[in-house]
Each structure stands twice: as structure tokens, then as C-alpha cells.
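In: build me a structure from this.
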Amino acid sequence: MDFVSPVLEVASLICNCVGDRADRLRRLPQNLISLRTEKEKLNNVYKDVKERVVSEENLEKKKRTHVVDGWIGRAEAMEKEVNELLDRCDEENQKKCLGTCYPRNCRSSYKLAKMVREKMDAVAELQSEGSNFQEVAVPLPSPHVIERPLEKPVGLDSPFREVWGLLQDKQVGSIGIYGMGGVGKTTLLKKINNKFLQSSIKAFDIVIWVVVSRPTNLERVQETIRSRLQIPDDRWKGSEEDDKAAEICRILKTKKFVLLLDDIWEPLDLLRIVFTTRSADVCGGMAAQKSIKVECLEEKEALSLFQAKVGEDTLNSHPDIPKLAEMVAKECKGLPLALIVIARAMASAQTPEEWESNLQKLRLYPKDVAGTENDLFSVLAFSYDSLPDEATKSCFLYCSLFPEDYKIPPEHLIQLWIGEGFLDENDDIQGARNQGGKIIQMLKHACLLEVGTTHFVLNGEYLKMHDVIRDMALWLACEKGKKKNKFVVKDGIGLISAQEVQKWKDAQRIALWNQISIEKLKEPPRFPNTETIIGRMTRFMFASGFFTNMSIIRVLDFSNVELLRLPAEIGNLATLQYLNLSGTRIKDLPIELKNLKKLRFLMLDGLSLVGPLPNQLVSSLSSLQLFSMKSFLSRLQVDEIMLLEELEQLEHINDISIRLTSNQSIQRLFESHKLRRSTTSLQLALCKGVNQVQLVSPSCIKELVLERCYELEEVKIIHFEKQVVPSKFPNPQCCFNHLLSVRINACYKLLNLNWLIHVPKLQYLHIIDSKIIEKLIEDERSEGSEIESGLSVFSRLVCLALLNLPKLESIYEHPLPFPSLRRIFVQNCPRLKKLPFDSSICMSKKLENINGQQKWWDGLEWNDQTLKHNLTPYFIEA
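Out: Numbers count the residues shown, from 1 in each chain. The predicted structure is shown next:
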């Protein structure tokens, strides 16, 4: 028995062992399924954790915790290990005895079964750990200083050295930097802030930048400091202002710090700081141990800063601009902010006219810029709220009356502004136009108006509002949406119901555009608050008594409306100041227009009247300042002499645009000093028997049109009684200095345009259907000569259009720089083989295109191929 007992004991142990292994092997298939399931769960937890980490790192600028980073690494390693184990199990499964479920190698299979069981537990544990992460990332440590954007400062070296030296002095706790607005205090503070970025400087643990501004908001200041110090929410939210201040002080006492406060208007109770202010009194209130005044720049430094901001391209775009730039810079009186703002505004101004206009604007302001902070800030501003005055704001809102993407002609917009009374502080229309031009420039530079150019149009510049800006303007005009119908603008919506019109009783301004018609009204509409009605390209039928209930109307613009009749009651509009009937189909004008004693603008261009103007109609309009009657299509001969005499009787007239058809009418106009001074646009058309036209200077004509004067051979300029010989060196007194645009159409016998040398500021020249012109200007002077005014021929020319000139061979005898030229149009000029350009002369940098036929371009003759190579990219085939 002693022998048998141990044997049985060993046999029992062997059976237990074999049974345990058999059990593990038997459970292996189920455990493999469980392992795959647990692996999938772990993979899902891994994805969730990884997404949280990536999100907080990228969006919240945090850094993953070390624990989470370690877990992610272990999870990735675990997935790899589990995949390898599963692959081994699949291989072992393929090795089972044929026709049985038993493995060939029980020992190897047992080890795999044991590993599967252990991995199941490890994966479950890792999965549980990942599911319980409360925090996966923590905020990045705050840098000791955050760099501020800064362009290269000019003229601040001396105050910078002084402030930087004081910062090294441990006895100085606060430094005040003061000076007038825009003198460069913020720029100096930014330069000090960025100096701390240098690795060799370790004087402070943290540099904190805070913009204070007016009105002072202490809570916002505390929040900015708290953010830099990374004070957690549990020690901040819900705390009182004093408790927050105490927490800030507690942390700052543990650090070496400097607090940079920009734009302080009143004292704040803070620690070691450097601050900027416009008032020396604030320096005293802040108990600044040192106060440093920032002075304006010296003249040389100011010009250097101004030129750098304007840019070389603009400065070199025209020979007149560098000198004008010096004059503009001087007007800024060394104030850096003014220099920078105005330079940026002028950076896109590449014509002398824009520079001259802005120079005049600057000279209207006080020469001592101290105390003009609001005016200066208004130039800086890029929003409606910061526009400088109510007139400018009104002009801006008015632009929203035009449809989306509408190309607004600048001259027409200014004319409407004047009619509305926005620019009434000027004594005459020209002064108002100048002010309107300045406002347009201001709105453009504030990015509230955009500018564009329409090609193939003589003067193709237009203005446009961005859709979003226009929406904002309409919202503001309607008192932020509270008065929906204060500005009514309808564009191409078809028929407008009478019921809709009745809703407009509270409207201040109404504008109807493009394919709109109004349902027949049963009774006159009531517009007691309406000051403006604009109807463009709109079918309009006036109901009886339409103008009865318009007690404060100022502007009626029905230009290009399919309007057949003007009701007689229009004469009852005692407040009407602006009436535009151009392009309508009205056949006659009611005599009741005589009653419009406040009317200042009357535009009758392109009418098709069947009868003459009512006698004494024009002379009865005692307030009339602007009268326009161009492209007149009357079937009856207008008594031009009588019309000129009536215009001459008007006391306030100073802007006349007129079409004349006889030499007698032309002479009558130029004999009158008043008419000559007031006429801004002159159209000479169908002048029968006229072979010579004499233009008398001085004159204020800006636009001259010679149209279908079939017998006209010559145009001459005379100064009162003294004739000017075109081939001689011109006297500045005999120049048409105001003339900007010349259009000549179908003047078949015209020989040349030598008289254009007396038009030094000509911008637009359009010649079409002149059959015998061979040379535009036959220059007898020496090469390179200039007008005494200092301007070369065509130095201001922007657009040159030459169409259907079969004998034209030359534009000008000598090469010209054309510094302002943008567009050239040449069509059907087969003999024009040379352009007046030379590679040795600096060409206009503004050139946009040369439009013509390919055959003509290929046939041009060039003095050198370099010039052709330089100009070819601008050619566009018609």
C-alpha cells in the first residue's frame, strides 16, 4: 500500500493538471470571441480619447496630460499585441488533427489559451482606465511675453532708450508716457513689449499688455490680467471686484512682472506699470515716478515715414506726385498717426488730381493739429459710427438707395447729395462738388465704397457698395430696423400694388429701379414725410393729384422713366429743389413749373419735346443753380439765344450744361462773362454753315462735345479779343485749365486738333468718324517742350479713343510719357502705324489695356522691339 499511495497521488495531480489544460483549451474559441470584442471596445475608447485630445490641443490650445499620453501609447501597443496573438491563434487552429477538434501540439495550444485569457483581462483594464479620464489636456503655460504686431517705428529711438533705461532701474515702479493723440505712444509701448522677447533679457517673469481705452472698464482690465496669469475659474468666477484684485495682487507678488497699459484716460490703482495717456494729468493721478512726453516727428523724419507708407509705386506714378507728397506730409505737422493714415489713404491715389484734392482738404482743417482728435480719428475709422460728421453719414446712407451691384456714376451721386442739401454749407455748386468729391474719397478709403472701371467707356469710373455694406446701410437708415419703410428701395419686382404704396406713408426716401410698374391708384398717395423719390427705368403713370400730399419733397428724379406727361400740380411742390426729367418721353413741360421758386437743379437732357420751352419758364426759377439741356431731341428749333438770355438773368446760376447749334449761339455764350463762367458742359451739334469755332478763355468748361458739325474745319482758342495761334508756345492765360473731356464725333472736315495743346489737364479724348484728320497735333515746337504751366502735352490723359479715322497717321510728332494713361482704343485707323511711345521715356505705370484690331497691332512699326515687348501684354483684340 505504501507504494500504491504515492502513485495514486501523482496520478491525481496529473489528472487535475490535464483537466485544467483541457478546460482552457475547451474555452479557447469563446475567449477568442471575447478578446476580439474587448479589443473593439478598447479601440472605441481610444478613438474617443484621441478625438478629445486633438480637439482641445487644436481648438483650445492645450497640451495633453502625461497620463493620457502614456495611456494612448499603451493602447496603441496593446492593439498591436492583440492582433499578433489573434493571428497566432488562427494559425494554430489550422493545425488541428485531420477530422478532429484536437490540436496537434497540446502544449503550444495551452500557452496560447493562457495568453488569450491574460490579454482579455489587460484589455478590459486598459479600457476601463480610458473611460474614466476626467481631463485629457491642460492649458499650455503662458509665454512670458506675447509679441505685438509692429511695423518699423520712425523717430522713437530717443524716448525708447529713456523708457528702457528706466525699466532697468528697480527704484522706478511706474512710468507714464504721454502726448497728443496719434503721436506714437502706442507704437512706443509695442516696441518696449517686443524688446522683452529677446532671449538675453530675463528681467521679468511675465509682461502683461492691456488696452484700457475710454470709458474705463475695470472688469475688462482685470479679466485680461487674469487670462495672462491663468487664474483658474474656481478662484475667479463669482468673486467680487475687490476679491479679484486681491487674487491678482497675490499672484503678482510672487513674480517679477511689468504691466503695459495702453490708452489710459483716468487713474487706475495698480502696481509696477508702464502706461500711455494723452493727458499729463493722468500721469500725476497714477503717481508716475517718471513721465515722458512723446513729441511729433521732425520734418525730415515725417517725410520719410509718409513716403514709406505711400510706397514707391505711387510716388513714381506721376512726375507731379513727389512734390505734392511733400506738401501733404507738411500738413500733418509731424503727427505719426496722421502721416500713416493719410499715406495709406493716398497709397492708391496715382493721379495728381486726387493729391491736389486731398491737399485742399487738409488745408481746410486747423493748421495746429492739437485738439483735433475727433477729426483725426474719423480718418482712421473704417465704420459708419466713426465717420466725422452728419453730412458724411447722410451721404453714406444715401448710397443704399441704389440697387445691389449698381454702378453709381460719381458725378450723379454728388449732384443728388447737393439736391438733398447734404452739402449746403458751400456757397456754390462747384464748391459743393469739391466737398462731395472729398466725401467720396473718404468713404472709399474707409472701405464703405468701392471703385471700379467700365471698359470701352470714355470716363468709365463708377462707385459701388458691397452687398453687406449696403445691407448695413439700409438697416441704419431704417433706424436699425425699427422703421422698416423709412427707406423704400424696390428693384425689378414687377407690379407694385396700390396697397403696398399706401404703406409708404412714413417713408423718407423712395427708390424704384428696373422693370417696376405701379398699379393704378384710386386716390392720391400720402407722402407727408417723403423728401426723395427716385424712379429709374420704371413705368410710371401719375394718378390724379399725385403730388398733392408731398409737403416736404426735395428731390424728384424720374430720369429714364417711361413718363409721358408731367401733371400740372407739380408746380405746387414749394419745397422741391431737384427735378430730373432726362430721358423721359414727356412731350411738353407744364407752365406751372414756373412756381418752383426753390428749385435749384433742373435736368432736361435727351427730351423729345414737340414744342418749345414755355416762355420765361427758366428765368422764373429764381433759385436755379444748375441747368442741363444736352442731347436735346426737340422736333422744333429751340430759341437758343432766348434760352441763354433767360439763363443769364438768373442770379444764382453757376452750372450750365447746354447744346447749341449755331455760331450766333456760341458767340452769345462766350460774350457773356456770366455764361462763360457758369457753363461746365458744352455740346456743339449740327452747326450748319459753321466752319470755325472760337472758344474763349478763361472758361470753366469741363466737357466739350463737337457732334455732327459736318462743315467744321478748325477750332481756335482766343483770350477775350486776342487770338491764340495754336502753333506758338501757349500762354497759361489762354489755356482751358478746367477742360477735362473732349469728344468729337462726325466732324468730317476737321483738319487737326492743335488747339489741344492749350488743354493741359485733359483726361478723356474721344474722336470718331473724322474723315480727313491725318495728325491729331501738328507740333511745330522743339521736341520735349512743355506748356509754361509745367505740364507736358497729354500729361493728364487717362483715356484715348480713336475710332473710324481712315487717314490718321500720327497722334503726336514726338514720343510722350503719358504718365496718367490707362486705356487706349483704336478701331479702323489703318494708317496709324506708330504710337507716340519710346522705351527711353518712362511709360505710365497705370496702363490697363490697348484695345484694337489684331491686324492693326501686327502692322505697327516700332523704333525698338523692347517697347513692343513691354506693351504687348496690354493689347486686347477688339
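
In: what's downstream of the helix or strand where Gly70 lies, the next helix or strand?
Out: Per DSSP states H and E: Gly70 is located in helix 66-93. In the C-terminal direction, the helix or strand that comes right after helix 66-93 (DSSP H and E) is helix 106-131.

In: what are the C-alpha coordinates of stretch 804-814, in CSV please?
Out: Backbone C-alpha positions of stretch 804-814 (Å, rounded to 0.1, in the frame of the first residue of the first chain) are rendered in CSV as follows:
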residue,chain,number,x,y,z
ASN,A,804,-13.0,105.3,-87.7
LEU,A,805,-10.3,107.8,-88.7
PRO,A,806,-9.2,106.4,-92.1
LYS,A,807,-6.4,109.0,-92.8
LEU,A,808,-4.9,109.3,-89.3
GLU,A,809,-1.2,108.8,-89.4
SER,A,810,0.1,110.4,-86.2
ILE,A,811,-1.0,111.2,-82.7
TYR,A,812,1.9,113.5,-81.9
GLU,A,813,5.3,114.2,-83.6
HIS,A,814,7.5,113.2,-80.6
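
In: need the contact list for the closest residue in space to Leu626 that isn't next to it in sequence.
Out: Excluding its sequence neighbours, the residue lying closest to Leu626 (CB to CB, 6 or more residues apart in numbering) is Asp655, at 4.1 Å. In short, each C-beta sits where N, CA and C put it, glycine included. Contact analysis of Asp655 by CB atoms under 8 Å, 6 or more residues apart in numbering lists 429-430, 625-627, 678, 680.

In: can you do 7 Å?
Out: Going by CB atoms under 7 Å, 6 or more residues apart in numbering, Asp655 touches 429, 625-626, 678, 680.

In: ok so, going back, show me which residues of the helix holding Gly70 are buried.
Out: The neighbour-count check on helix 66-93 (16 or more other CB atoms under 10 Å) flags 68, 71-72, 75, 78-79, 82, 85-86, 89, 92 as buried.

In: of those residues, which is the nearest to Met603?
Out: Val68 (75.8 Å; CB to CB).

In: burial measure for the spatially closest residue to the closest one that is not a sequence neighbour, as a count.
Out: Of all residues not flanking Val68 in the chain, Val136 sits nearest, at 4.8 Å (CB to CB, 6+ apart). As a burial measure, Val136 scores 24 neighbours (other CB atoms under 10 Å).

In: Val136 contacts Arg52, correct?
Out: Yes: assessed by CB atoms under 7 Å, Val136 is found in contact with Arg52 at 4.8 Å.

In: distance of Tyr178 from Gly184?
Out: 12 Å (CB to CB, to the nearest Å).

In: the two: who's more crowded?
Out: Neighbour count, other CB under 10 Å: between Tyr178 and Gly184, Gly184 has more, with 28 against 21.

In: chain neighbours aside, what residue packs nearest to the more buried one?
Out: Looking at Gly184 with CB to CB, 6+ apart, the closest residue is Pro336, at 4.4 Å.

In: doesn't Pro322 lie inside a helix?
Out: Yes: secondary structure assignment places Pro322 in a helix (DSSP: H, G, I helix; E, B strand; the rest coil).

In: now for it, how many residues are close by?
Out: Using other CB under 10 Å, the number of residues around Pro322 comes to 13.

In: also Gln441?
Out: 19.

In: how far away is it from Ala473?
Out: Gln441 is 18 Å from Ala473, by CB to CB.

In: is it correct that Leu521 falls within a strand?
Out: No: under three-state DSSP, Leu521 sits outside any strand and is assigned coil.

In: from what I see, it and Ile496 are in contact.
Out: No: assessed by CB under 7 Å, Leu521 is found out of contact with Ile496, at 10.4 Å.

In: can you tell me which of the buried residues of helix 66-93 is nearest Gln230?
Out: Val68 (19.8 Å).

In: list the contacts of that closest one.
Out: 49, 53, 133, 136.

In: got a pLDDT number for it?
Out: pLDDT, Val68: 87.

In: same question for stretch 232-244, mean pLDDT?
Out: pLDDT averaged over stretch 232-244 gives 80.

In: how about residues contacting that stretch?
Out: 218-219, 222, 226, 247.

In: can I get those residues in CSV with distance to Cys700, secondary structure and neighbour count?
Out: Putting those into CSV (distance: CB to CB, whole Å; DSSP: H, G, I helix; E, B strand; the rest coil; neighbours: other CB atoms under 10 Å) gives the following:
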residue, distance to Cys700, secondary structure, neighbour count
Leu218, 60, helix, 13
Glu219, 60, helix, 9
Gln222, 63, helix, 19
Arg226, 65, helix, 18
Glu247, 72, helix, 18
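
In: which strands or helices does whichever strand or helix holds Glu162 pack on?
Out: Using DSSP H and E, Glu162 sits within helix 157-167. Contact here means 3 or more CB pairs under 7 Å, 6 or more residues apart in numbering; DSSP states H and E; on that basis helix 157-167 packs against strand 174-178, helix 185-195, strand 290-293.

In: let's see 6 Å
Out: Packing contacts for helix 157-167, counted by 3 or more CB pairs under 6 Å, 6 or more residues apart in numbering; DSSP states H and E, involve helix 185-195, strand 290-293.

In: confidence-wise, which of those is weakest overall?
Out: strand 290-293 (a mean of 78).

In: what strands flank it, and is each parallel or antiparallel?
Out: strand 174-178 (parallel) (DSSP bridges).

In: now do the strand it pairs with and helix 157-167, the angle between them.
Out: Calculated by axes from the mean of the first three to the mean of the last three CA atoms, to 10 degrees, strand 174-178 forms an angle of 160 degrees with helix 157-167.

In: strand 174-178 - what's its average pLDDT?
Out: For strand 174-178, the per-residue pLDDT averages 82.

In: the residue nearest to Ser631 when sequence neighbours are not counted: what secondary structure?
Out: In this structure, Ser631 finds its nearest non-sequential neighbour in Gly606, 4.5 Å apart by CB to CB, 6+ apart. Classification of Gly606 by three-state DSSP places it in coil.

In: cool, Lys483 as well?
Out: Assignment for Lys483 (three-state DSSP): coil.

In: how about it: what's its closest non-neighbour residue?
Out: Asp506 (6.7 Å).

In: could you measure that neighbour against Phe487, distance?
Out: For Asp506, the distance to Phe487 - CB to CB - is 11 Å.

In: more neighbours: these two, which one.
Out: Phe487 (23 against 15).

In: and that one, its phi and psi?
Out: phi -110, psi 110 (degrees, to the nearest 10).

In: who touches the closest residue to it other than its chain neighbours in this structure?
Out: Ranked by CB to CB, 6+ apart and with sequence neighbours excluded, the top spatial neighbour of Phe487 is Ala477, at 4.3 Å. By CB atoms under 6 Å, 6 or more residues apart in numbering, the residues touching Ala477 are 397, 400, 487.

In: looking at those, spot the one nearest Cys799.
Out: Ser400 (29.9 Å).

In: helix, strand, or coil at that closest one?
Out: Under three-state DSSP, Ser400 comes out as helix.

In: distance of Leu797 from Thr351?
Out: 11 Å.

In: which neighbours do those two share?
Out: In contact with both Leu797 and Thr351: Ser820, using CB under 6 Å, 6+ apart.

In: which of these two has more neighbours?
Out: Between Leu797 and Thr351, Leu797 has the larger neighbour count (other CB under 10 Å), namely 22 against 19.

In: host element of that one?
Out: Applying DSSP H and E, one finds Leu797 in no helix or strand.

In: any idea how far Gly852 is from Val68?
Out: In terms of CB to CB, Gly852 sits 70 Å off from Val68.

In: which ones are touching Val690?
Out: Contacts of Val690 (CB under 6 Å, 6+ apart): 663, 712.

In: next: Ile175.
Out: 163, 166, 274, 290.

In: now, among those residues, which is nearest to Trp417?
Out: Val274 (46.9 Å).

In: which stretch of helix or strand covers the closest one?
Out: Per DSSP H and E: strand 273-277 holds Val274.

In: average pLDDT for that strand?
Out: Averaging pLDDT along strand 273-277 gives 71.
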